[in-house]
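# what follows is a predicted structure for the sequence shown.
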Amino acid sequence: MTRRRFIPVHDRGRVLIDVAVMLADGGESISDIGVLRHQSEALGPVASAPTVWRTLDEITAGKRKKIQVARARTRRHVWSRLPGGVPASACAGRDLGSTVVLDVDATIVVTHSEKEHAAPTYKRTFGYHPIGVWCDNTTEFLAASLRPGNAGSNTAADHIDVLGQAIAQVPANHRRELLIRSDGA
């Protein structure tokens with residue numbers, strides 16, 4: 001996240017980490033970053049909401065790719081140190097052993113105003129229809145694609161795209177046995 005000849009007060013990578021902590025702590029909007037500022041003795045200096053907005057605005061496609069690579073590298077490191085290895089997933093009451101299970105699902109996120117790319121949904125609401133992938137073995141969120149509310153539930157191209165991103169997050173030595181489940185009602 002570094003830029004030439006620009007030394008920010010708040011390191012942009014650290015700002016993104018703080019955003020992740022804020023979200024994991026239940027934050028729902030950028031202004032919720034202020035909650036972390038009240039814990040600065042434990043967390044160190046925390047950026048303001050405008051700095052978070054600027055940081056998010058600075059993320060280009062190239063930087064997004066670097067973030068994905070860093071996440072995958074960290075996941076590989078963590079998975080290699082799990083006591084007993086990656087936990088087994090269960091399907092229909094059966095232990096799947098070393099099979100890594102990826103769950104794909106889309107959901108509706110309702111907005112109450114005309115946000116960028118928001119659209120009417122099939123449930124007669126207004127908002128987004130993001131699609132995400134989670135690893136059932138570890139309950140980790142692997143990848144997502146923000147889509148307009150009128151995006152199709154079973155759009156193959158969207159599933160392929162987000163699954164490609166998710167599979168890239170699974171360490172290579174665990175990609176031999178994958179089971180992909182989709183909520184394809």
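On my side now, so go ahead. Here the structure is a predicted model, which is why all the values come from computation and not from measurement.
# A helix includes residue 167, no?
Yes: under DSSP: H, G, I helix; E, B strand; the rest coil, residue 167 sits within a helix.
# any low-confidence regions in this structure?
For the chain, the stretches with pLDDT under 70 are 1-9, 184-185.
# now do the contacts for the residue most central in space within it.
What sits nearest the mean C-alpha location of the chain, by C-alpha atoms, centre = their mean, is residue 143, with 5.0 Å. With contacts defined as C-beta atoms under 8 Å, 6 or more residues apart in numbering, residue 143 is in contact with 132, 133, 162, 163, 165, 166, 168, 169. Heads up, the C-betas are built off the backbone N, CA and C, glycines and all.
# export these to TSV and append columns for neighbour count and distance to residue 33.
Compiled in TSV, those are given as follows (neighbours: other C-beta atoms under 10 Å; distance: C-beta to C-beta, whole Å):
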residue	neighbour count	distance to residue 33
132	17	23
133	25	26
162	22	27
163	19	31
165	16	26
166	23	27
168	16	28
169	20	25
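# which helix in this protein has the most residues?
Longest helix in the chain by number of residues, with DSSP state H as the criterion: helix 61-80.
# the next helix or strand after that helix pairs with which strands?
Per DSSP states H and E, the first helix or strand lying C-terminal to helix 61-80 is strand 90-91. Strand pairing for strand 90-91, using DSSP bridges, gives strand 94-95 (antiparallel).
# name the residues of the next helix or strand after the partner strand that are buried.
Per DSSP H and E, strand 94-95 leads on to strand 100-106 as the next helix or strand towards the C-terminus. Neighbour counts using 16 or more other C-beta atoms under 10 Å place 100, 101, 102, 103, 104, 106 of strand 100-106 among the buried residues.
# and for stretch 178-185?
Under the neighbour-count criterion of 16+ other C-beta under 10 Å, stretch 178-185 has residue 182 buried.
# same check, this time on stretch 144-152
Neighbour count says stretch 144-152 has 145, 147, 149, 151 buried, by 16+ other C-beta under 10 Å.
# ok, stretch 17-24 next?
Residues 18, 19, 21, 22 are the ones in stretch 17-24 that count as buried (16+ other C-beta under 10 Å).
# re earlier: wait, is the residue nearest to the centre of the chain part of a strand?
Yes: Residue 143 sits within a strand when classified using three-state DSSP.
# please name the bridge partners of it.
Each beta-bridge partner of residue 143 is listed here, defined by DSSP bridges: residue 133.
# sorry, back to before: next, the angle from the longest helix of the chain to strand 100-106.
Relative orientation of helix 61-80 and strand 100-106, computed by axes from the mean of the first three to the mean of the last three C-alpha atoms, to 10 degrees: 140 degrees.
# helix 61-80: how far from the chain's middle?
11 Å (C-alpha atoms, centre = their mean, to the nearest Å).
# ok, and what's touching that helix?
For helix 61-80, using C-beta under 8 Å, 6+ apart, the contacting residues are 1, 16, 59, 86, 138, 140, 165, 168-172, 174.
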